[in-house]
Structure formats: structure tokens, C-alpha cells
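1. Below is the sequence, then the predicted model.
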Number of protein chains: 2
Amino acid sequence: MNLPKSEEQLMQILWQKEKAFMKDITEAYPEPKPKATTIATLLKRLLTKEAIGFTQFGNVRQYYPILKKEDYFSSHFNGMIKNFFDDSIPQFASFFTSNKNMTEEQLLELKRVVEEQIKARKK
Amino acid sequence: MNLPKSEEQLMQILWQKEKAFMKDITEAYPEPKPKATTIATLLKRLLTKEAIGFTQFGNVRQYYPILKKEDYFSSHFNGMIKNFFDDSIPQFASFFTSNKNMTEEQLLELKRVVEEQIKARKK
DNA sequence: TTTCTTATTCTACATTTGTAGAAGTAACAT
DNA sequence: ATGTTACTTCTACAAATGTAGAATAAGAAA
């Protein structure tokens, strides 16, 4: 499932809210907010793709994501690793950690996280 | 710079080859290869976007990437971290390392890479 | 040089994406 | 009851994307 930018942005809102009525979605958009019909169109397209669903409440719908954020992210991320690092995690890791934007503090934090994970696997 | 799939695929080829003539590009494509004119269109679009350039050799052109792979990847990656992990590297790291697809071996490898990087920073 | 092959440009066209107006409908406020 | 508001569906349309045919030009092969 590969969503265009505009739909992905809407998904981000739904992932964050888990459930949301039109009104909540509109509120969540940053300025300049798209027109209501634009949002409606996107919701409709996402419904067609079955990336989201809704529960009818009277005459209003409460939308919720069907596509999981983790899955969506993972598939993208894996795709990138594959294309950019020849499917090699270490190669990616190396690039990632030598990234100038990363502070030493973050590196230490990362190390901690990795160690923790290794420990968790052991048992 | 955000390239559509088809153009990105062509860029991958150019990044890999560094320089390439039409013929080399065609060869690099996996089956089913796109028609030559399709590739030509993509090259033209990439030239317009100044993502690539070329050197004229007689009547043939040798294309090369102008847009750097690292930069392209970084900007995408950062965008994803921002959208999916609220711009938090540790949050991403945590998700990344707890990924089921990752073997313990890879984790150890990652730890090694991180430590190496920390050491490198120190001096 | 005649023909074949290859690269390039132009043109074309269906799909997808981004955005939104028009209109209908039902709940809501007065 | 009745105009106002919120939501949804339909329709629309420009721009971007994916793909490629037609035509052309210029070496390469015969």
C-alpha cells in the first residue's frame, strides 16, 4: 500500500487520533487547512483503498485507520533499505550513525536501546 | 527534491553506475525493460529537474547524477522520522531495533557500528 | 551509399493526485 | 417551521506520472 502525500498526511492524523470525526480531522490540519470537500475526497479515496473504515453514528461517521502505521512505515522503510543500501541493515546502520545530524548523545541513546534489545532477545 | 518512482528507479541505476550511456541504462533495467522512449522521457524529465546532467560524446550522451544519493536518501529519511516518529531519533531507533525482521546477529553488528562511531566522534 | 541501429525529441494519452465547487440532506439553533 | 451548519456525494479540472508511438538524425554495418 503506497499512499500519495495528501492521503498519507490524513492517515497521520488518523493514526494519531485513532478515531476521528470530520470535525476532529479538520481541526488537526495545520493552517492553511484544506477545504472540507478536499478532505472528504481524500477520505473517500482512502475508504476505497480500504486504508480506513468508519462507524456510523447517527448521520455522522467516525473514521478510523485500518492500515497500521507500523506496517505502513515498515514497508516503506524496508523498501528504502533495499533500494539504497542493497538490503543491508549494517550498511544502513553505518550510514545512519555517521549522519552529521546525529549528536553523540543520540548515539549513546541508540547504543543503550540496542543493548536493551539484545538483552531482551536473549531470554 | 522528491522524485516519482519511475524517475527514482532510473536514479538508482545512475547512482550505481555513476556514469552511463543510454545503452548501459537499458541494460541495467530488470525485465521487463521499459521501451527506449520511456527511458528517454524519464531522462529528459530528470534533466529538467537538474537531478542529472550529461556529457556529450560525439552524438551520444553520457549521463551522470547531479543529485547525490546520500542527500536524497537523507531528506527522505528525515522526513519519515519526522512524520512517523515525531522527529525523535531514539523513538525510531527503538522501533528499528525491535523489528522482528532483525536478527540478533544484525543487532550485534549494529551495536558494533554504533560503538565505532562513538569512538570516532570522541577524537 | 544504402540500410540498419540507436539515441533523441515531440507528441500523445490514460491514470493518479491535489483541490475544490455545486448540490443534496439531515441535524440544529431560533 | 425555517434558515444555518456540517457532512457527504458528484462532478470537474489542472498538474504530475507512467508509458510509448512517430519522426528524425547520425553513426555503424554492408
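-> Ah, there it is.
2. going forward, measure contacts and count neighbours with C-alpha atoms only.
-> Fine.
3. Please list the residues of chain A that sit near DNA strand C.
-> For chain A, the residues in contact with DNA strand C (Cα under 7 Å from any atom of the strand) are A:2-7, A:34-35, A:37-38, A:41-42, A:58-59.
4. Tell me which two of those residues sit farthest apart.
-> A:N2 and A:G58 (32.2 Å; Cα to Cα).
5. of the two, who's got more company?
-> Comparing A:N2 with A:G58 by other Cα atoms under 10 Å in any protein chain shown, the one with more neighbours is A:N2, at 9 against 6.
6. ok, and what's touching the lowest-mean-pLDDT helix or strand in chain A?
-> None of the helices or strands of chain A scores lower by mean pLDDT, DSSP states H and E than helix A:89-97, at a mean of 86. Residues from elsewhere that reach helix A:89-97, judged by Cα atoms under 8 Å, 6 or more residues apart in numbering or on different chains: A:81, A:85, A:107, B:106, B:109-110, B:113-114, B:117.
7. Include distance to A:K122 and secondary structure when you put the residues you listed into a markdown table, please.
-> Formatted as a markdown table, these follow (distance: Cα to Cα, whole Å; DSSP: H, G, I helix; E, B strand; the rest coil):
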| residue | distance to A:K122 | secondary structure |
| --- | --- | --- |
| A:I81 | 26 | helix |
| A:F85 | 28 | helix |
| A:L107 | 23 | helix |
| B:Q106 | 14 | helix |
| B:E109 | 15 | helix |
| B:L110 | 16 | helix |
| B:V113 | 20 | helix |
| B:V114 | 20 | helix |
| B:Q117 | 25 | helix |
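8. quick one: which of these has the most company?
-> B:L110 (24 neighbours).
9. Could you report the separation of it from chain A?
-> To chain A, B:L110 is 6 Å away according to Cα to the nearest Cα, to the nearest Å.
10. in chain A, which spans are strands?
-> Counting by DSSP state E, chain A has strands at residues A:20-21, A:52-57, A:60-65.
11. For chain A, what lies in contact range of chain B?
-> Listed as neighbours of chain B in chain A under the rule Cα under 8 Å from any Cα of the partner chain: A:12, A:73, A:83-84, A:89-90, A:93-94, A:97-98, A:104, A:106-111, A:113-115, A:117-118, A:121.
12. Go through stretch A:37-49 and flag the buried ones.
-> Of the residues in stretch A:37-49, those with enough neighbours to count as buried (16 or more other Cα atoms under 10 Å in any protein chain shown) are A:39, A:42-43, A:46-47.
13. how about those residues, which pair is most distant?
-> So, the buried residues of stretch A:37-49 by Cα to Cα: farthest apart are A:I39 and A:L47, at 12.2 Å.
14. Kindly provide the whole-number mean pLDDT of stretch A:67-80.
-> In this model, stretch A:67-80 has an average pLDDT of 94.
15. any residues touching it, and which ones?
-> Contacts of stretch A:67-80 (Cα under 8 Å, 6+ apart): A:1, A:15, A:50-52, A:87, B:84.
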